[in-house]
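A.B. asks: Structural data only, the sequence is not supplied:
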């Protein structure tokens, strides 16, 4: 069967992350949403997304296709019903289209399909803050998916452990002289990850493949340090997608960092308002600050954005794509994409300079900055110009 992951109606509520990727490539738990489905289904998927992203993530139609809403995480009843779908049928959950089986000629027509309802509770990633607020559940689900029937690498005796049965270390990972407390949730350490001495984890925590945790880091749940990320200082209930760095002291809490982000030394974010009130954060779809229903909400940062040393982010700050933030004081709690500056004001970060920096950053990780990457950033630059003020 040919499986296609589509963005779903939540796409614009997941900006700035979906400026530069389909919904399927958001990381929550240990794996990205695409990686979850591909492991469960045992096949490669393709993507139905925005036209400007389809060069990098092309749609691959066959005669018969099952389309899956990428904003809903796979769970047992949902997975089985996807497998059991017959042509001309669709799955819904609380009125939300979950999946449908359609031939290539009618792939956009779903109203006439026979409806099958899914009754179980599901995790729907409908807003940016869901990525960290639902990370506890997603991480535990992924831990079960990845470790079931497998045996962990032996835990080095120099480590302090609690609830060692909930700790799984992949081959090639280095973890010595650390504190690993999995009594409140699992700890997963991926292939070739390096956890330097003195680090302390309190689960649920995932350190993904090839990630580096610096000496003395304090990381507690539910936190995901994505592949090839660097993590240091204090991190609480946060998700770093991939290839991003928070390598020094400072606090990151109830936050999400996209890909190719870098936080300068001693960067801190607030995750709680002084008056303990509900946090509101910028929503690109409504162009206003949305109620989160959360008392704790920190930093939301899009791909390729960076900040200088000692940067302070206020509660519920949203940073777009390819912003460069520096200077004293608190910057605005909505920083548009391709902004250059800080609390004293911002100017436009010129696209040519963005390309130069991105090429250098990716080269350090032996990754090519492709023409497709340039085209995506150019589109986002033009798409977000209305929010910048020079």
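C.D. replies: It's in. These figures come from a predicted structure and were not determined experimentally.

A.B. asks: Output the contacting helices and strands for the lengthiest strand in the chain.
C.D. replies: Identified as the longest strand of the chain according to DSSP state E is strand 96-103. Helices and strands touching strand 96-103, as assessed by 3 or more Cβ pairs under 8 Å, 6 or more residues apart in numbering; DSSP states H and E, comprise strand 64-69, helix 76-84, strand 89-93. Using the backbone N, CA and C atoms, a C-beta is placed for each residue, glycine as well.

A.B. asks: Can you list the low-confidence ranges for the stretch 201-350 of the chain?
C.D. replies: In the prediction, the stretch 201-350 of the chain carries no residues with pLDDT under 70.

A.B. asks: meant to ask about the stretch 51-200 of the chain
C.D. replies: 104-108.

A.B. asks: Show me the domain layout of this protein.
C.D. replies: Taking automatic domain parsing as the domain assignment, the ranges for the chain are 2-123, 131-387.

A.B. asks: In three-state terms, label the residue lying farthest from the centre of the chain for me.
C.D. replies: Of all residues in the chain, residue 112 has its C-alpha farthest from the mean position, at 34.2 Å, by Cα atoms, centre = their mean. Assigned by DSSP: H, G, I helix; E, B strand; the rest coil, the conformation of residue 112 is coil.

A.B. asks: So which residues of the stretch 101-250 of the chain form helices?
C.D. replies: For the stretch 101-250 of the chain, helices defined by DSSP state H, counting those that start in this stretch occupy the ranges 130-133, 135-147.

A.B. asks: gap between the longest one and the chain center?
C.D. replies: Mean C-alpha position of helix 135-147 versus that of the full chain (Cα atoms, centre = their mean, to the nearest Å) differs by 15 Å.

A.B. asks: ditto for the first one
C.D. replies: With Cα atoms, centre = their mean as the basis, helix 130-133 stands 9 Å off its chain's centre.

A.B. asks: quick one, what contacts the residue nearest to residue 307 when sequence neighbours are not counted?
C.D. replies: Nearest non-adjacent residue to residue 307, counting by Cβ to Cβ, 6 or more residues apart in numbering: residue 325, 4.2 Å away. Shown in contact with residue 325 (Cβ atoms under 8 Å, 6 or more residues apart in numbering): 305-308, 311, 319, 331, 335, 339, 341-342.

A.B. asks: picking that back up, identify whichever of the helices and strands packed on strand 96-103 lies nearest to residue 33.
C.D. replies: strand 64-69 (9.5 Å; Cβ to Cβ).

A.B. asks: got the angle for the closest one vs strand 96-103?
C.D. replies: If you take axes from the mean of the first three to the mean of the last three Cα atoms, to 10 degrees, strand 64-69 sits at 170 degrees to strand 96-103.

A.B. asks: got the contact list for strand 64-69?
C.D. replies: 1-6, 8, 37, 45, 48, 82, 85, 87, 96-104, 107.

A.B. asks: Mind putting the helices and strands packed on strand 96-103 into TSV with mean neighbour count and distance to residue 200?
C.D. replies: What follows is the helices and strands packed on strand 96-103, written out as TSV (neighbours: other Cβ atoms under 10 Å; distance: least, Cβ to Cβ, whole Å):
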stretch	mean neighbour count	distance to residue 200
strand 64-69	22	38
helix 76-84	15	34
strand 89-93	20	39
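
A.B. asks: and of the ones you listed, who's closest to residue 263?
C.D. replies: Of those, nearest to residue 263 by Cβ to Cβ is strand 64-69, at 32.3 Å.

A.B. asks: ok now that closest one, how far from the chain's centre?
C.D. replies: Distance, centroid of strand 64-69 to centroid of chain: 23 Å (Cα atoms, centre = their mean).

A.B. asks: Give the pairing partners of that strand; include direction for each.
C.D. replies: Its sheet considered, strand 64-69 pairs with strand 2-6 (parallel), strand 96-103 (antiparallel) by DSSP bridges.

A.B. asks: can you tell which of those is closest to residue 147?
C.D. replies: strand 2-6 (24.0 Å).

A.B. asks: How far away from the center of its chain is the closest one?
C.D. replies: 20 Å.

A.B. asks: just the angle between the next helix-or-strand element following it and helix 76-84, please?
C.D. replies: Downstream of strand 2-6, the next assigned helix or strand under DSSP states H and E is helix 33-41. Going by the same axes, to 10 degrees, helix 33-41 is angled at 70 degrees with respect to helix 76-84.

A.B. asks: coming back round to it: so how far is residue 176 from the residue nearest to residue 307?
C.D. replies: Counting by Cβ to Cβ, to the nearest Å, the separation of residue 325 from residue 176 is 36 Å.

A.B. asks: Thanks again, I'm all set now.
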